[in-house]
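Visitor: Need coordinates for the below:
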Amino acid sequence: MASRTRRQGAAPPDGSSRRRLPMRLLLPMLLLVALVAMLMLRGYVHSEILADHRVQPEASTDKVPPKILDGGPVIDTRSGRTTSLNVPDHRLVLTFDDGPDPTWTPKVLDVLKKHNAHAVFFVTGTMTSRYPGLVRRMIAEGHEVGLHTFNHPDLSYQSKKRIDWELSQNQLALAGAAGIRSSIFRPPYSSFADAMDNKSWPITQYIGTKGYLTVVNNTDSEDWRKPGVRQIIRNATPKGGKGAIVLMHDSGGDRHQTVQALDEFLPQMQKKGYEFDNLTEALDAPSASTPVTGVELWKGKAWIFLVGASDGITGVMVVGLAVIGALVIGRFVLMLLLSGAHARRVRRKDFGWGAPITEPVTVLVPAYNEAKCIENTVRSLMASEHPVEVIVIDDGSSDGTARIVEALGLPNVRVVRQLNAGKPAALNRGLANASHDIIVMMDGDTVFEPATVRELVQPFGDPRVGAVAGNAKVGNRDTLIGAWQHIEYVMGFNLDRRMYDLLRCMPTIPGAVGAFRRSALERVGGMSDDTLAEDTDITMAMHRDGWRVVYAEKARAWTEAPESVQQLWSQRYRWSYGTMQAIWKHRRAIVERGPSGRFGRVGLPLVSLFMVLAPLLAPLIDIFLFYGVVFGPTEKTILAWLGVLALQAVCAAYAFTLDRERLTPLISMPLQQILYRQLMYVVLLQSWITALTGGRLRWQKLRRSGQVATPGGVPTQRRRVAHEERESIR
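Guide: The predicted structure is shown next:
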């Protein structure tokens with residue numbers, strides 16, 4: 001687990017307390033904001049955000065001028081005018097709404113090109129932003145492009161501000177896609193001119209003040225109903241050689257009937273003398289398109305680029321979500337199957353490691369400023385059912401840790417002092433002073449149960465075993481943050497260790513409770529300070545040297561977990577970064593032979609997937625959860641999240657049952673997933689950024705309370721305080 005390097009340097013000489021936000025914190029925040037922004041942009045462009053699908057029912061028409069109701073499909077309200085225009089006889093203006101569509105628009109364009117016909121495409125901003133190449137093709141092949149709003153809302157429900165926004169965003173997308181702006185507009189859900197009512201007419205008037213010509217239709221193919229090719233042709237054919245604006249669709253669903261009907265309709269009508277022009281050609285009017293230059297053009301191009309980036313990044317995020325889903329489910333299945341098999345194996349009546357280990361062992365206790373905890377730790381060792389030699393290595397403490405131990409006057413307890421050199425150096429110093437062949441290591445803030453040492457060393461009855469991981473438990477679990485860490489220890493660490501034991505690739509001997517064969521330690525060079533996770537480093541070195549590393553579930557140790565977010569952050573940051581360092585240090589195991597190669601090709605990939613990659617991608621679950629809850633589909637999103645939570649709860653309950661723990665703390669598990677897990681995500685991301693930027697991480701001493709004892713015991717610190725209180729009363 002945690003490793004200890006040298007103490008941090010002193011404060012700046014000027015005493016300044018001003019702190020800048022470290023880059024390793026700033027970058028994760030910026031990355032998170034960027035991902036959320038890309039997801040929001042993608043949702044906006046896909047009409048999942050700010051979309052309004054309401055459609056206004058028919059209203060009265062008494063406020064609409066009769067000449068508009070009885071007039072043509074081209075309505076001009078610019079500069080205060082109230083006129084309408086009809087298309088000349090034997091001219092047809094085919095109009096296609098709601099595109100461009102990546103599947104059907106190219107087919108429509110192919111048919112138009114085949115029969116040398118022009119048309120008008122009323123495009124939405126959302127589709128234009130996503131498929132700009134199709135809009136460029138429309139312009140290049142002589143078609144006209146008009147606006148159909150950005151998100152396709154019924155404008156009669158919208159404010160003038162929203163209408164302006166819909167038009168400006170539609171123009172922005174058009175400028176970015178094709179470098180033009182258009183002056184023709186078709187309102188969503190519009191129909192014939194005689195369908196104009198008191199709700200839609202004010203919108204048409206307002207659109208005119210913005211310089212747009214409103215284009216409805218007078219011939220509806222009703223292709224959206226999918227009535228069949230013949231019926232579409234009949235609906236699109238005007239009577240008596242009249243000119244018409246024909247409504248069709250190149251998007252919004254399956255348009256194969258539209259494409260087939262178009263391929264028959266065009267030559268039929270051309271034989272009857274009809275011409276297929278775009279709108280301004282049919283009206284002999286100036287083009288509706290004007291080039292965009294300068295800032296507006298670059299704004300449009302930037303918009304198209306950002307939309308493309310958002311789609312690409314979101315696509316990667318979706319793939320990442322699928323990967324994390326597979327990893328989470330795969331890990332849970334593996335843990336459930338293998339941890340159960342491990343429990344059944346070690347709990348068989350005939351199970352044994354070999355000859356019982358009865359000879360004394362050496363317990364090394366590295367301590368740096370552990371005055372509040374060290375007495376609890378040492379006294380718990382004195383209650384051990386197994387003979388022990390205790391060596392407390394005082395690593396340059398300034399709080400009298402060594403004096404407290406010496407004042408206890410306990411047999412078989414020695415204090416070795418050294419200048420502050422870090423935890424690995426302290427353990428190596430203790431190893432050099434050890435008298436026995438089996439070495440138990442623990443932290444200075446941990447207490448053992450009487451049976452812990454005995455249970456921890458029994459696996460050494462198997463000569464192939466080089467190291468043993470004990471069962472570390474959270475002692476201060478009475479707070480919410482302590483309960484969350486308790487769940488993590490039981491489920492995330494101990495259940496994992498059962499799985500890794502069977503797979504023979506245990507990645508970490510916990511610093512709080514672990515044991516080593518002295519000869520194995522010496523063969524791999526002792527404890528190393530190459531990483532911030534010396535416990536993971538030494539465990540991987542053991543595997544590479546051919547030793548078995550196993551898990552002893554009954555060797556329970558009670559450790560004091562961090563009690564504040566800041567302390568937890570500091571601890572997990574070191575663990576995460578140190579694990580990454582250890583993986584990198586032992587990367588050559590992947591290509592080596594023998595036991596080292598087996599660990600490299602089984603253990604390192606599993607550790608990398610489950611401890612580095614999966615937690616790194618896991619925030620995607622919560623990002624998509626937030627997005628789905630806010631923007632939909634809300635019910636499906638919540639059900640999916642509850643499904644994942646239920647799977648985790650099953651694993652947690654199983655882990656608690658195996659460890660014979662009460663299930664009560666699991667009540668806080670939903671809140672843990674929402675709050676605690678996010679902290680772990682950011683910690684891992686911060687570790688990645690520190691590694692990639694070449695940052696150097698220092699160890700920070702965690703503040704301890706000294707209140708952890710074995711179950712049923714009373715912490716020495718608390719006994720001392722109570723004694724002092726009684727003495728003061730006397």
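Visitor: gap between the two ends of stretch 668-677?
Guide: 12 Å (C-alpha to C-alpha, to the nearest Å).
Visitor: Buried residues, that stretch. List them.
Guide: Within stretch 668-677, the residues that qualify as buried by neighbour count (16 or more other C-beta atoms under 10 Å) are 668-669, 672-673, 676-677. All C-beta spots, glycine's among them, are computed from the backbone N, C-alpha and C.
Visitor: what do you get for stretch 67-79?
Guide: Across stretch 67-79, burial judged by 16+ other C-beta under 10 Å covers 68-69, 71-78.
Visitor: what about it, average pLDDT?
Guide: Per-residue pLDDT values across stretch 67-79 average out to 94.
Visitor: Kindly report the same for stretch 199-206.
Guide: The model assigns stretch 199-206 a mean pLDDT of 95.
Visitor: And for stretch 219-226?
Guide: Stretch 219-226 comes out at a mean pLDDT of 95.
Visitor: sorry, back to before: closest to Arg331 out of the buried residues of stretch 668-677?
Guide: Checking these against Arg331 with C-beta to C-beta, the nearest one is Arg677 at 14.7 Å.
Visitor: elements contacting the helix or strand containing that closest one?
Guide: Secondary structure here is read from DSSP states H and E; on that basis Arg677 sits in helix 677-692. In terms of contact count using 3 or more C-beta pairs under 8 Å, 6 or more residues apart in numbering; DSSP states H and E, helix 677-692 is assigned the packing partners helix 23-45, helix 565-585, helix 614-617, helix 619-631.
Visitor: what does stretch 461-468 contact?
Guide: By C-beta atoms under 8 Å, 6 or more residues apart in numbering, the list of residues contacting stretch 461-468 from outside reads 352-357, 456-457, 459-460, 509, 514-517, 520, 538-539, 542, 545, 547-552, 555.
Visitor: which parts of it are buried?
Guide: 465-468.
Visitor: and which of those is nearest Val405?
Guide: For those, the minimum distance to Val405 (C-beta to C-beta) is 25.4 Å, reached by Val468.
Visitor: Which neighbouring elements make contact with the helix or strand Leu604 falls within?
Guide: Following DSSP H and E, one finds Leu604 within helix 604-607. Helices and strands touching helix 604-607, by 3+ C-beta pairs under 8 Å, 6+ apart, are helix 565-585.
Visitor: could you give the mean pLDDT of the helix it packs on?
Guide: For helix 565-585, mean pLDDT rounds to 85.
Visitor: Quick check: mean pLDDT of stretch 308-315?
Guide: Averaged over stretch 308-315, pLDDT sits at 89.
Visitor: Using PDB, write out the CA atom coordinates for that stretch.
Guide: Output in PDB follows, covering the C-alpha atoms of stretch 308-315 (Å, rounded to 0.1, in the frame of the first residue of the first chain):
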ATOM      1  CA  GLY A 308     -17.000  16.800 -35.800                       C
ATOM      2  CA  ALA A 309     -14.700  16.700 -32.800                       C
ATOM      3  CA  SER A 310     -17.600  16.200 -30.400                       C
ATOM      4  CA  ASP A 311     -19.000  13.300 -32.500                       C
ATOM      5  CA  GLY A 312     -15.500  11.700 -32.600                       C
ATOM      6  CA  ILE A 313     -14.800  12.200 -28.900                       C
ATOM      7  CA  THR A 314     -18.200  11.000 -28.000                       C
ATOM      8  CA  GLY A 315     -17.800   8.000 -30.200                       C
END
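Visitor: next one: that stretch to chain centre, how far?
Guide: Per C-alpha atoms, centre = their mean, to the nearest Å, the displacement of stretch 308-315 from the mean C-alpha position of its chain is 15 Å.
Visitor: for that stretch, which positions count as buried?
Guide: Within stretch 308-315, judged by 16+ other C-beta under 10 Å, the buried ones are 310-311, 313-314.
Visitor: which residues sit against it?
Guide: Taking C-beta under 8 Å, 6+ apart as the criterion, the residues outside stretch 308-315 that touch it are 35, 38-39, 41-42, 45, 130.
Visitor: JSON lines for the residues you listed, including neighbour count?
Guide: Rendered in JSON lines, the data for the contacts of stretch 308-315 read as follows (neighbours: other C-beta atoms under 10 Å):
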{"residue": "Leu35", "neighbour count": "17"}
{"residue": "Met38", "neighbour count": "20"}
{"residue": "Leu39", "neighbour count": "22"}
{"residue": "Leu41", "neighbour count": "20"}
{"residue": "Arg42", "neighbour count": "23"}
{"residue": "Val45", "neighbour count": "26"}
{"residue": "Arg130", "neighbour count": "22"}
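Visitor: quick one: which of these is nearest Ala421?
Guide: Nearest to Ala421 out of those is Leu35 (C-beta to C-beta; 41.9 Å).
Visitor: Tell me who's in contact with the closest one.
Guide: Applying C-beta under 8 Å, 6+ apart to Leu35 gives the contacts 313, 317, 623.
Visitor: mind checking how far it is from Thr690?
Guide: Here the criterion is C-beta to C-beta, to the nearest Å. By it, Leu35 lies 19 Å from Thr690.
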